[in-house]
Structure formats: structure tokens, C-alpha cells
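1. I'd like to go over a predicted model; first the sequence, then the structure.
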Amino acid sequence: MDTISIMNQFPTTKESMERFFNQTKDLILSGERNPLELAVVLKAIEDTISKLRKDEEIENSIQKEFEKHRQKNIELYGGKMTLKETGVKYDYSRSLVWLKLTETKTEAENKVKEHESFLKTLKDKTIIVDEKSGETFELWPPVKTSLTKVTVSII
């Protein structure tokens with residue numbers, strides 16, 4: 001069995017995808033299959049798909065085959081395919097106004113990061129005085145939130 005035949009065993013319609021999802025979830029939640037096994041399999045599938053999608057030779061082959069149909073939209077193998085412009089980028093660097101605004105933005109972003117780093121060092125409320133204006137400010141340490149999650153890497 002070749003690799004495409006293996007991939008063809010995966011669902012390709014919304015209905016079959018939903019059914020596949022529900023069956024997989026049921027197997028895990030019922031304890032019939034180990035969720036750690038699923039985590040590794042999902043990571044391997046994600047990495048493989050990502051590599052396949054990013055491969056220029058594969059993308060060129062897909063576009064070449066699509067163009068043989070001489071249509072903007074085609075439906076094949078249970079999917080609708082459309083040729084369209086993606087990843088549009090603009091180069092604004094010829095605009096001196098844009099360059100100056102970007103420089104100001106970068107300076108402001110750096111000041112924000114510096115202030116955030118300072119706030120992270122605070123243990124309790126701190127009052128500071130602006131030496132120029134005499135205005136006082138209450139500074140509080142930031143509220144930290146996080147998620148705990150198992151991460152997977154393929155060895």
C-alpha cells in the first residue's frame with residue numbers, strides 16, 4: 001500500500017470527518033485507547049502534513065495539474081479547489097514617511113517591552129513620581145495566567 005492510499009483512509013467529507021472525530025474522542029474518553037498514543041500520532045501527522053504542504057515541488061505539481069482543467073474552480077475527490085492569489089505582500093520601504101513611522105513604532109514597542117519587564121519585577125503596588133510633571137502613578141505587578149499542557153516532539 002502506498003502513502004497516498006494510506007492517506008485516502010482518512011475522512012474527506014465534513015460528515016465523515018465529524019464521524020471520525022467523534023469515534024476517536026469516544027475511544028479516548030472511554031479508556032479504550034491511550035490518550036498519550038493519540039498525542040504522539042497527532043503530532044506525527046501534523047508534522048508530516050505541514051512538511052508536505054510547504055514543499056515547493058509538491059505545490060508546483062498541484063498547480064500544474066490544476067491548470068490542466070482550465071477552470072477557476074474544480075471539484076474532485078470530494079474537495080472544491082480554487083486557484084487564487086494568496087500571501088500578498090507589499091514593500092513600503094520606498095516611502096520616507098512609512099520608514100519614519102516604523103522607526104517611531106519600533107521605539108515605542110521597545111519602551112513598552114522595557115516597561116513590561118520592569119512591571120514583572122514588582123512584588124506589590126508601587127507608587128512612582130514623574131520627575132518632570134510631579135504626577136504620581138500606581139504601578140501594579142502584572143496578573144499572570146497560564147495553561148498547563150503536554151507538548152509532544154517526535155524523536
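-> The structure has been received and is ready for your questions.

2. Contacts for the host helix or strand of residue 15, please.
-> Here residue 15 sits within helix 14-29, counting by DSSP states H and E. Helix 14-29 has contacts (C-beta atoms under 8 Å, 6 or more residues apart in numbering) with 10-11, 32-33, 35, 38. Any C-beta I mention is one placed from the backbone N, CA and C, and that applies to glycine too.

3. which one's the longest helix in the protein?
-> helix 96-121 (DSSP state H).

4. Can you name every helix or strand that whichever helix or strand comes after it contacts?
-> Following helix 96-121 in sequence order, the next helix or strand is strand 126-129 (DSSP H and E). Identification of packing neighbours for strand 126-129 by 3 or more C-beta pairs under 8 Å, 6 or more residues apart in numbering; DSSP states H and E yields strand 136-139.

5. Spatially central residue for the protein, please.
-> residue 50 (11.5 Å; C-alpha atoms, centre = their mean).

6. residues of the helix holding residue 15 that come out buried?
-> residue 28 (16 or more other C-beta atoms under 10 Å).

7. now it, how far from the centre of its chain.
-> 23 Å (C-alpha atoms, centre = their mean, to the nearest Å).

8. Ok, stretch 53-72 next?
-> Remark: stretch 53-72 is offset 24 Å from the chain centroid, using C-alpha atoms, centre = their mean.

9. That stretch - what's its average pLDDT?
-> Here stretch 53-72 scores 94 as its mean pLDDT.

10. and the end-to-end length of it?
-> End-to-end distance for stretch 53-72, by C-alpha to C-alpha, to the nearest Å: 21 Å.

11. same thing with stretch 110-130?
-> Stretch 110-130 has an end-to-end distance of 20 Å (C-alpha to C-alpha).

12. Any idea how far it is from the middle of the chain?
-> 30 Å.

13. Could I get the buried residue list for it?
-> Result for stretch 110-130 [16+ other C-beta under 10 Å]: no buried residues.

14. So which residues make contact with it?
-> Applying C-beta under 8 Å, 6+ apart, the contact partners of stretch 110-130 are 135-142.

15. Centre of the chain to the longest helix of the chain, how far?
-> Chain-centre distance of helix 96-121: 24 Å, with C-alpha atoms, centre = their mean.
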